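**Q** A structural model of the following input is requested.
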Amino acid sequence: MEGLPENKLLLTKASRFCAYRDRCQQEVRKKLLDLGAASDQAEEILAELISLGFVNEERFAQLYAGGKFRQKRWGRVRIRLELRKRNLTEYCIDQGLREIEEHEYTTTLESLIRKKRLDYNGEKGTVVDQKIAHYCIRKGYESDLTWLAINGTEGSS
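**A** Model prediction:
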């Protein structure tokens, strides 16, 4: 078993990498390959990390979705897209998005709209509304929900 000490070293490095913050399988796999592990060796170590609880994609999705929503105020569309880029299953993505409560989500969207309206110094009109909508949609909010919120917060500036 020539590769055994190397496996232990890689497992130690990877477990430290995962202990720092939650990681998805794709990030851990990339790190192992960057550390010089062979492809099958990386898969073996990744399986060990999963069994030890260092890597859990459902937990990662929940923490990622909650964090990006609360810290960066991203919408569900953007969060879903970012989680898909990390090759998470739809089940894990859905579990992650459950971290965002509906009331908190709409309140955050309305808050973003009110704050953005201040940038336009009380200007009104469809052009301003479109600019605000584009801003919210780029942040990952659903367009129908965004327009409902824009029409609902118009008078409450």
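**Q** all helices of this protein, in order?
**A** 4-20, 25-34, 39-52, 57-72, 76-85, 90-97, 102-118, 126-138, 143-153 (DSSP state H).
**Q** ok and the second one relative to helix 39-52, angle-wise?
**A** Interaxial angle, helix 25-34 versus helix 39-52 (axes from the mean of the first three to the mean of the last three CA atoms, to 10 degrees): 130 degrees.
**Q** angle of helix 25-34 against helix 57-72?
**A** Helix 25-34 runs at 100 degrees relative to helix 57-72, counting by the same axes, to 10 degrees.
**Q** what's the answer for the shortest one, then?
**A** Here the directions of helix 90-97 and helix 57-72 differ by 40 degrees (the same axes, to 10 degrees).
**Q** circling back: make a markdown table out of the helices of the chain and add mean neighbour count.
**A** Using the backbone N, CA and C atoms, a C-beta is placed for each residue, glycine as well. Below are these laid out as a markdown table (neighbours: other CB atoms under 10 Å):
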| stretch | mean neighbour count |
| --- | --- |
| helix 4-20 | 14 |
| helix 25-34 | 17 |
| helix 39-52 | 15 |
| helix 57-72 | 18 |
| helix 76-85 | 17 |
| helix 90-97 | 18 |
| helix 102-118 | 15 |
| helix 126-138 | 16 |
| helix 143-153 | 16 |
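**Q** show me the residues around residue 142 that make contact.
**A** Contact analysis of residue 142 by CB atoms under 8 Å, 6 or more residues apart in numbering lists 75-77.
**Q** Is it possible to get a markdown table of the residues you listed that adds pLDDT?
**A** Compiled in a markdown table, the contacts of residue 142 are given as follows (pLDDT from 0 to 100):
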| residue | pLDDT |
| --- | --- |
| 75 | 97 |
| 76 | 97 |
| 77 | 97 |
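**Q** helices and strands around the lowest-mean-pLDDT helix or strand in the chain, which ones?
**A** None of the helices or strands of the chain scores lower by mean pLDDT, DSSP states H and E than helix 4-20, at a mean of 86. On a contact count with 3 or more CB pairs under 8 Å, 6 or more residues apart in numbering; DSSP states H and E, helix 4-20 meets helix 25-34, helix 39-52.
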